[in-house]
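Asker: Following is a predicted model, sequence given first.
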Amino acid sequence: MMKSDLTNMTIAQLRHYVLEHNDDQQAFYILIDRLKNNTSAQNFPCPNTPENIKIMKQAIQEKFSK
């Protein structure tokens, strides 16, 4: 695979490619760079209190129960 092919892939396509070709370090680094630069990604602060940890666990359980 040529580098230009990797740079033209979407994040989903790159993720799939990296999972199928886990020895391709170039593809992995391109994916990581793309993910770091993804402005539409949501970032959440790390829960740092017992109350926040409880809220996080509840949110995860609700997400997986859907």
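Answerer: Nice, I can see it. These numbers come from a predicted model, not from an experiment. Numbers count the residues shown, from 1 in each chain.
Asker: surely Asp24 meets Leu14?
Answerer: No: Asp24 lies out of contact with Leu14 (C-beta atoms under 8 Å); the separation is 10.3 Å. Using the backbone N, CA and C atoms, a C-beta is placed for each residue, glycine as well.
Asker: So those two - more neighbours on which side?
Answerer: Leu14 (20 against 15; other C-beta atoms under 10 Å).
Asker: To which secondary structure element is the more buried one assigned?
Answerer: Assigned by DSSP states H and E, Leu14 belongs to helix 11-20.
Asker: got it, and Ala27?
Answerer: helix 25-36.
Asker: Centre-most residue in the protein?
Answerer: Nearest to the geometric centre of the chain sits Leu35, at 6.3 Å (C-alpha atoms, centre = their mean).
Asker: Can you pull out the low-pLDDT segments for the chain?
Answerer: 1-4 (pLDDT under 70).
Asker: Figure out how far the lengthiest helix in it is from the centre of its chain.
Answerer: Ranked by residue count and defined by DSSP state H, the top helix of the chain is helix 50-65. Its chain's C-alpha centre and that of helix 50-65 lie 20 Å apart, by C-alpha atoms, centre = their mean, to the nearest Å.
Asker: Got phi/psi on Asn22?
Answerer: Asn22 adopts backbone torsions of phi -70, psi 0, taken as degrees, to the nearest 10.
Asker: Pull up the gap between the residue nearest to it when sequence neighbours are not counted and Phe44, please.
Answerer: If the residues on either side of it in the chain are set aside, Asn22 comes closest to Phe28, at 7.8 Å by C-beta to C-beta, 6 or more residues apart in numbering. Per C-beta to C-beta, to the nearest Å, Phe28 is found 24 Å from Phe44.
Asker: So these two - more neighbours on which side?
Answerer: The residue with more neighbours, out of Phe28 and Phe44, is Phe28; 15 against 7, by other C-beta under 10 Å.
Asker: Distance check, that one against Glu62.
Answerer: For Phe28, the distance to Glu62 - C-beta to C-beta - is 32 Å.
Asker: cool, and Lys36?
Answerer: To Glu62, Lys36 is 28 Å away according to C-beta to C-beta.
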